[in-house]
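1. how does the following fold in three dimensions:
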Amino acid sequence: MMHDGELTSGGLAAMGGAAGLMQRQWAPCRYHCPVHADVRAYIELIARGQYRSAVDVIRANLPFACVCGRICHHPCEANCRRNDVDEPVAIRELKRFVAELQGAAGSTVRKAPVQDKARVAVVGAGPAGLAAALDLARMGYRPVAFEKFPVAGGIPATAVPKYRLPRDVLRHDVEWILSHGIELRTGVEIGADQTIDGLLAEGFAAVIVATGLPKSRALNVPGMDHRRVLGAMEFLTAAAMDRPMDVGRDVLVIGGGNVAMDAARTALRLGGGRVRAMCLENEQEMPAWAWERREAEEEGVGFIRRRGPAEVLLRGGEIVGVKARKVTRVFDEAGRFAPLYDDADVIEPDCDTVVLAIGQQADMGFARGSGLAADDRGRLVYDPATHETSVPGVFACGEIVTAPGSVVEACAHGQRAAAAVDMYLRGVPVRIDDELPPAIGTISQEVGGKVTKVARAVIAARPAAERAGCFAEIDLTMSEAEALRESRRCMSCGGGAEVIVDKCAACLTCLRVCPFGIPVVTDVARISSDLCQACGMCIADCPAHAIVARSWSAEDLKAATDAALGRLPAGEGARRVVAFVCGHHAPANAWRGSLDDAVGGVAELYLPSMARLSTEQVLHAFEAGADGVVVVACRLGADRYPHATERVRKRVTAVNEMLAEAGLGPDRVQLTETASQGRAAMREAIAAAADRIAAL
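-> Residues are numbered from 1 along each chain as shown. The predicted structure is shown next:
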């Protein structure tokens, strides 16, 4: 059995000759991804069960695929055009499914043909540093990453709690990155064991500083220097490293961001008894993600909002509480952080431990003796346009020079730094080009109302009472069936029809067959990429072949048909039938061509929808040597696109009429509408149809 040609890790290349048109506009999911991962392409690959290729597309832009499948803030989903239809595609969870399924060994390693360029030192083996090192290695440089901790990974390894990011998941990414020829030296602290000047003197042609913000900001109020006032970053690092800690029985976390939520939930898991988070903001103003706040509350974390600490209260040398003032304002009229307090309104909540989570700061120890300049925030001075610091040959990226952000944002910044270092070492002006193709626009209400509604997958999670007592992962990974169903909700935004105006006869066929009413026909037809849903009906029915797809080519199916027939037995008495199957409901192994119950003498070819199957493609099967064709459509209304089944019925009738006129007899093309009724029913229908063809 054969299948419709597998897409390559290069993204759109094997999806058709029109793939280059996709570069004119990007889907919003890709545009808003900090590393601009080709979301549409890898979701399509997941939908076809081509998991290794999907991971290769992800890792082409995003080295920390497994980590971001767990903890990414997923701006792709926030900008998914499915928001205008029902709910966004669960992109992060799909990434998690396929990346962890494949692991480190299931992703293609594309090393530079020759890795003989200059050595580059990378200080800090977190997401920014390793992303920079990976790009440099791919260019043929010899990067060496220095990490002061005993493990690589940065904040994901040293501060993200294990219930959010199990360490074996992080190892998948780190192992894959290092396999590209990156040398890792752990337990080496730059500024103590080695210096930046020493690295340059040792022969490194450039240095990239990517040390992040590993320390907690302090708060200058009485009592904050007590031994049981813990910085959140240091607290989370101790927990990540499994160091024994006494968190007390009444913990007050000060802060309202994601780090504060991590600290509070970690304190619960370490036996903190009562754990509360006190913050300046109200619920709407809190910077923590809504799901972080919700999960913390479900687990038993309490909240004291609109209060600011004024003093840590001590009795007998021990913490007994915190004096907190009412907050009357957090931000000024311009939206700047400028809190105001009412000193007459004070509460004193009890606690025996305080965890301070009001922000992060740099550890500038790496700069000792280097001449590197720091700004008034205590961070490294650099040029955002070139990533160059005050010392020639020393570059910077990640949170050491930016605001705290996400892993994917750190990767993007590291990739920019690698590009800058490459320019510097090649002796050309350092200039980072951030220009992007435009994003396609929103879907109109009229078109969105015609798109088939499909509920978003519900991700299973451990019950709150169960998860609060241990560091086991919270959200569970999708099953394969769930991942296939969810990935097939993707609308292939930007991958639809494009008119070749020189061929268009303005015949109105595209307008008549479009189930969404999108084409506008004047002197020629015009199809808006903002509105087109990539069903392919107009492409299949255009009599002038004046419409192509941006993300696939009709020639691909012809080539797959030729290859499939070439593998079937030939000779007298051998059955040679092609089955074109709607793959929208098909299992992954059908798309991969690995079914063990294929009907003898039948080659099954899968399409995302039968809307794309043209009469020309069916006739090509006969030209290529098929005795007959079985078209396996969905039952009426079950195809992903409206009216697809009705259109394919008309095409089958038309082809049979053509074959009859050519003297080949009627009914050489058999139609069955069983694709949505399960594999057993479909196989039985294919076998029966093939037998009918053989009897003609």
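2. please parse this structure into its domains.
-> Annotated domains of the chain cover 13-108+448-487, 119-214+361-426, 217-360, 497-549, 554-695 [automatic domain parsing].
3. after the helix or strand of the chain with the lowest mean pLDDT, heading C-terminal, what element do we hit next?
-> Across the helices and strands of the chain, mean pLDDT, DSSP states H and E gives its lowest value to helix 464-467, namely a mean of 89. With elements assigned by DSSP states H and E, the helix or strand that comes after helix 464-467 is helix 480-487.
4. the closest residue to Glu348 other than its chain neighbours: neighbour count?
-> With sequence-adjacent residues excluded and distances taken as CB to CB, 6 or more residues apart in numbering, Glu348 is closest to Gly321, at 4.9 Å. For the C-beta atoms, the positions are set from N, CA and C on the backbone; glycine is no exception. Residues lying near Gly321 (other CB atoms under 10 Å) number 20.
5. same check on the one 4 residues further on?
-> Around Arg325 there are 21 other residues, counting by other CB under 10 Å.
6. ok, it - contacts?
-> The contact partners of Arg325, taken as CB atoms under 8 Å, 6 or more residues apart in numbering, are Arg307, Gly308, Ala310, Tyr341, Asp342, Asp343, Asp345, Val346.
7. will you turn the residues you listed into TSV that also has neighbour count?
-> Formatted as TSV, the contacts of Arg325 follow (neighbours: other CB atoms under 10 Å):
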residue	neighbour count
Arg307	21
Gly308	21
Ala310	17
Tyr341	18
Asp342	12
Asp343	8
Asp345	13
Val346	14
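8. what two of these are the furthest from one another?
-> The distance between the two most remote of the contacts of Arg325 (CB to CB) is 12.4 Å, for Arg307 and Asp343.
9. which one of the contacts of Arg325 is nearest Arg96?
-> For the contacts of Arg325, the minimum distance to Arg96 (CB to CB) is 36.6 Å, reached by Arg307.
10. and the closest one, backbone torsions?
-> For Arg307, the backbone dihedrals (degrees, to the nearest 10) come out as phi -140, psi 140.
11. and for Val669?
-> Dihedral pair for Val669: phi -110, psi 120, per degrees, to the nearest 10.
12. per-residue pLDDT, it?
-> Val669 carries a pLDDT value of 97.
13. hmm, Val629 and it touching each other?
-> Yes - using CB atoms under 8 Å, Val669 makes contact with Val629 at a distance of 4.7 Å.
14. quick check: neighbours shared by the two?
-> Counting by CB under 8 Å, 6+ apart, the common neighbours of Val669 and Val629 are Val618, Val655.
15. mean confidence score for the lengthiest helix in the chain?
-> Ranked by number of residues, the top helix in the chain under DSSP state H is helix 407-426. Average pLDDT, helix 407-426: 98.
16. start at 838 instead
-> Happy to do that; since the first residue is 838 now, the last one works out to helix 1244-1263.
17. with just CA atoms, put whichever helix or strand comes after that helix into PDB.
-> Later in the chain than helix 1244-1263, the nearest helix or strand by DSSP H and E is helix 1282-1285. Extracted in PDB, the C-alpha atoms of helix 1282-1285 (Å, rounded to 0.1, in the frame of the first residue of the first chain):
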ATOM      1  CA  GLN A1282     -17.700  36.600  10.300                       C
ATOM      2  CA  GLU A1283     -19.400  35.400   7.200                       C
ATOM      3  CA  VAL A1284     -16.600  33.000   6.200                       C
ATOM      4  CA  GLY A1285     -15.900  31.900   9.800                       C
END
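18. coming back round to it: which of the domains of the chain sits closest to Gly1278?
-> Closest approach to Gly1278 among those is made by domain 1334-1386 (4.0 Å; CB to CB).
19. ends of the closest one, how far apart?
-> By CA to CA, to the nearest Å, the extent of domain 1334-1386 from end to end equals 5 Å.
20. in the lengthiest strand in the chain, what's buried?
-> The single longest strand within the chain, with elements called by DSSP state E, is strand 1155-1168. For strand 1155-1168, a neighbour-count test (16 or more other CB atoms under 10 Å) marks Ile1156, Gly1158, Val1159, Lys1160, Ala1161, Arg1162, Val1164, Val1167 as buried.
21. relative to Leu1273, which of the domains of the chain is closest?
-> With CB to CB as the measure, domain 850-945+1285-1324 is the member of these nearest Leu1273 (6.5 Å).
22. what distance separates that closest one from the middle of the whole chain?
-> Remark: domain 850-945+1285-1324 is offset 5 Å from the chain centroid, using CA atoms, centre = their mean, to the nearest Å.
23. what about stretch 1257-1271, distance to the chain center?
-> 28 Å.
24. again with stretch 1035-1055
-> Put simply, stretch 1035-1055 sits 29 Å off its chain's centre (CA atoms, centre = their mean).
25. equivalent analysis for stretch 980-993, please.
-> Distance, centroid of stretch 980-993 to centroid of chain: 23 Å (CA atoms, centre = their mean).
26. what's the answer for stretch 1320-1331, then?
-> Centroid separation for stretch 1320-1331 versus its chain: 13 Å, with CA atoms, centre = their mean.
27. then stretch 1057-1075?
-> The answer for stretch 1057-1075 is 35 Å, by CA atoms, centre = their mean.
28. how long is it from one end to the other?
-> Start-to-end span of stretch 1057-1075 (CA to CA) is 23 Å.
29. give me the residues contacting that stretch.
-> With contacts defined as CB under 8 Å, 6+ apart, stretch 1057-1075 is touched by 995-998, 1050-1055, 1082, 1085, 1090, 1092, 1096-1097, 1099-1100, 1103-1104, 1146-1151, 1155-1156, 1189-1194, 1197.
30. could you list the buried residues of that stretch?
-> Applying a neighbour-count criterion of 16+ other CB under 10 Å, one finds Gly1060, Met1061, Arg1065, Val1066, Leu1067, Gly1068, Ala1069, Met1070, Phe1072, Leu1073, Thr1074, Ala1075 buried in stretch 1057-1075.
31. can you name the next helix or strand after the helix or strand containing the fifth one?
-> Remark: Leu1067 resides in strand 1066-1068, with elements defined by DSSP H and E. Scanning forward in sequence from strand 1066-1068, with DSSP H and E defining helices and strands, the next element found is helix 1069-1077.
32. I'd guess Arg1113 is in a strand, am I close?
-> Yes - assessed by DSSP: H, G, I helix; E, B strand; the rest coil, Arg1113 belongs to a strand.
33. in the stretch 888-1037 of the chain, which spans are strands?
-> For the stretch 888-1037 of the chain, the strands defined by DSSP state E, counting those that start in this stretch cover 956-960, 979-984, 1020-1023.
34. tell me which strands and helices the longest one is in contact with?
-> Meaning strand 979-984. Counting contacts by 3 or more CB pairs under 8 Å, 6 or more residues apart in numbering; DSSP states H and E, strand 979-984 packs against strand 956-960, helix 964-975, strand 1020-1023.
35. Ala1125 is nearest to which of the ones you listed?
-> Judged by CB to CB, the one of the helices and strands packed on strand 979-984 that comes nearest to Ala1125 is helix 964-975, at 20.3 Å.
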